[in-house]
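Asks: Fold the following.
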Amino acid sequence: MTVSTIVASVLPIDEERDTMKQIKEVIKKHFEGLNLDIRESGNGRYIDQKCAPDILCSVAEVILEYVSSGHNTFTVREVMESEQANEVMVNQFQKPPVNHPGAASEYDKVFSQPIKLLEYAKILTTVDSVGRAAKYSITQDGILTYIATGERKALEFLTTYLNKVMAESELLHLFQQFFGKPSKSKFQDLKDGYCDFIIDNTPINGLTESRRIFSKVLNPLAYYNQSYGTKAGRMSPTPIHYQDLFYNRVNFRDLDKPKGMPRTEFLDNIPEDTAVEAYQINKAVRLIRRYHNEESEINRFKAIPATHVHHIFPKHEFPELSDTFENLILLTSGQHLSYAHPNGNTQRVSKPYQLVALLSKLDSIEKSIFSEKDEFYSLKEYMRVVNVGLDKEILVEGMGVEELRHTLSMEYCN
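Replies: Below is the predicted model of the structure:
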């Protein structure tokens, strides 16, 4: 099992759906009820070096998988030594196996530091101990599932969390002063102010350690504010970019085909899938199946069991869209192999059925955004998928759902 199937084991489906509805409001209300003032907790490990968004996302996924296998509580080591943890570390992060003799110390940090963050944020709670090892349980299933769904969602959670901690600790004004008018002198004032605060209020008593953690606080907030951050201990020469925040490399699907470049030339310059790309595609496929409760997205008034996840714009032509939720649609085997791919030839795509798939996907996205409000899909991402797939800017920001449907239909029918 993986994150696509695990939530059913944590919560009944109806309860899970209710929890995931309006998830941004759920997260907001969760933090409103907490006091995360570092001056009161004295917790200098509310974030640490291994708490990058991609690691946080993966650790959340591994925790959910472990709990779904029948464990109500867990230690860091139990999660770290699980089968899912090994799959994530080897395939997602291209690291040695978890049981590799030289990797134990590093892996302990990779799992323990995000777990400590999730505990401080009250997503997890300590319920017991085994010797010196704390035992944890999940207290906010819906939020943990949201974090596990994708790296961008983990980043959104992280910036919300950091804003909360800094505001409660009366440090946020230092960051706002820097973001308002970035300069080297204001950067130094911010860095000194933060490190002095940590040394005065937590067991961390050295500049080296507090400065290491400073970058993990500043850079997500800098990205959120579209501002400068820190690199190599100094003020960054440019505003912080999305890829600057991650532990792992950004894969090639985060790159865009330059305008005017023929797709054949673009594909020639893209390497073959590695284990990282294959893992991301498989994860996206599993999540789509789970999100739609293994029911076809193309149906007439009744639920139809389905297991095939189809790339609307095919993977071999559009690898940059191959793990994008908005390009994946859940179909029955018949819909997939008889209609989407005529005569079961997966190298061919039926253009009329491609339109059917796009319009049905838009139905799913509309429900996610306006009814469920669960943040699973993005209308902006859907428009990007269509524009990339058709190689023209036919969908633009500001269009309503009905206008999107009309524009798509006219494009395919003309």
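
Asks: Next up, the contacts around the nearest residue to residue 133 once chain neighbours are set aside.
Replies: Using C-beta to C-beta, 6 or more residues apart in numbering and skipping residues adjacent in sequence, the residue nearest residue 133 is residue 75, 4.5 Å away. Just so you know, the C-beta spots here come from the backbone N, C-alpha and C atoms, and that holds for glycine as well. Neighbouring residues of residue 75 by C-beta atoms under 8 Å, 6 or more residues apart in numbering: 130, 133, 134, 135, 136.

Asks: swap the cut-off to 10 Å and go again
Replies: Shown in contact with residue 75 (C-beta atoms under 10 Å, 6 or more residues apart in numbering): 81, 111, 112, 115, 128, 129, 130, 131, 133, 134, 135, 136.

Asks: got it, and residue 235?
Replies: Counting by C-beta under 10 Å, 6+ apart, residue 235 touches 178, 182-188, 190-191, 218, 222, 228-229.

Asks: Repeat that for residue 180.
Replies: Per C-beta under 10 Å, 6+ apart, neighbours of residue 180: 186, 225, 227.

Asks: which one of those sits closest to residue 34?
Replies: The closest of these to residue 34 turns out to be residue 225 (C-beta to C-beta; 22.5 Å).

Asks: Correct me if wrong: that closest one contacts residue 166.
Replies: No: here residue 225 lies out of contact with residue 166, judged by C-beta atoms under 10 Å, at a distance of 12.0 Å.

Asks: Can you check which residues contact both of those two?
Replies: Contact criterion C-beta under 10 Å, 6+ apart; residues shared by residue 225 and residue 166: 175, 176.

Asks: Spell out the secondary structure type for the closest residue in space to residue 84 that isn't next to it in sequence.
Replies: Among residues not flanking residue 84 along the chain, residue 65 sits closest, at 4.1 Å (C-beta to C-beta, 6+ apart). Classification of residue 65 by DSSP: H, G, I helix; E, B strand; the rest coil places it in helix.

Asks: Which residues are in contact with residue 267?
Replies: The contact partners of residue 267, by C-beta under 10 Å, 6+ apart, come to 257, 316, 317, 318, 319, 320.

Asks: Tell me if I am right that the last one is in a helix.
Replies: Spelled out, that is residue 320. Yes: membership of residue 320 in a helix is supported by three-state DSSP.

Asks: Could you shift the numbering so residue one becomes 27, and keep it that way?
Replies: Sure thing, new numbering starts at 27, so read that last one as residue 346.

Asks: I figured it hits residue 296, correct?
Replies: Yes: between residue 346 and residue 296 a contact is recorded at 7.9 Å, counting by C-beta under 10 Å.

Asks: The two: which has the busier surroundings?
Replies: Taking neighbours as other C-beta atoms under 10 Å, residue 346 and residue 296 compare with residue 346 leading, 22 against 13.

Asks: and the nearest residue to residue 427 once chain neighbours are set aside, which of the three is it?
Replies: Leaving aside its sequence neighbours, residue 427 sits nearest to residue 392 (C-beta to C-beta, 6+ apart; 5.2 Å). What three-state DSSP gives for residue 392 is helix.

Asks: pLDDT at residue 392, what is it?
Replies: Per-residue pLDDT puts residue 392 at 96.

Asks: That one - how many residues pack around it?
Replies: Count around residue 392 with other C-beta under 10 Å applied: 18.

Asks: Residue 421 now?
Replies: Around residue 421 there are 21 other residues, counting by other C-beta under 10 Å.

Asks: tell me the pLDDT at the closest residue to it other than its chain neighbours?
Replies: Spatial nearest neighbour of residue 421, excluding adjacent residues (C-beta to C-beta, 6+ apart): residue 409 at 4.0 Å. In this model, residue 409 is scored at 97, pLDDT.

Asks: SS state for residue 409?
Replies: Under three-state DSSP, residue 409 falls in the helix class.

Asks: Report the separation between it and residue 172.
Replies: For residue 409, the distance to residue 172 equals 23 Å [C-beta to C-beta, to the nearest Å].

Asks: next one: residue 69
Replies: 23 Å.

Asks: Looking at those two, which is more packed in?
Replies: Neighbour comparison, residue 69 and residue 172: the larger count goes to residue 172, with 26 against 18 (by other C-beta under 10 Å).

Asks: who's in contact with that one?
Replies: Residue 172 touches 45-46, 49-50, 52-53, 83, 86, 149, 166, 179-180, 182-183, 400-402, counting by C-beta under 10 Å, 6+ apart.
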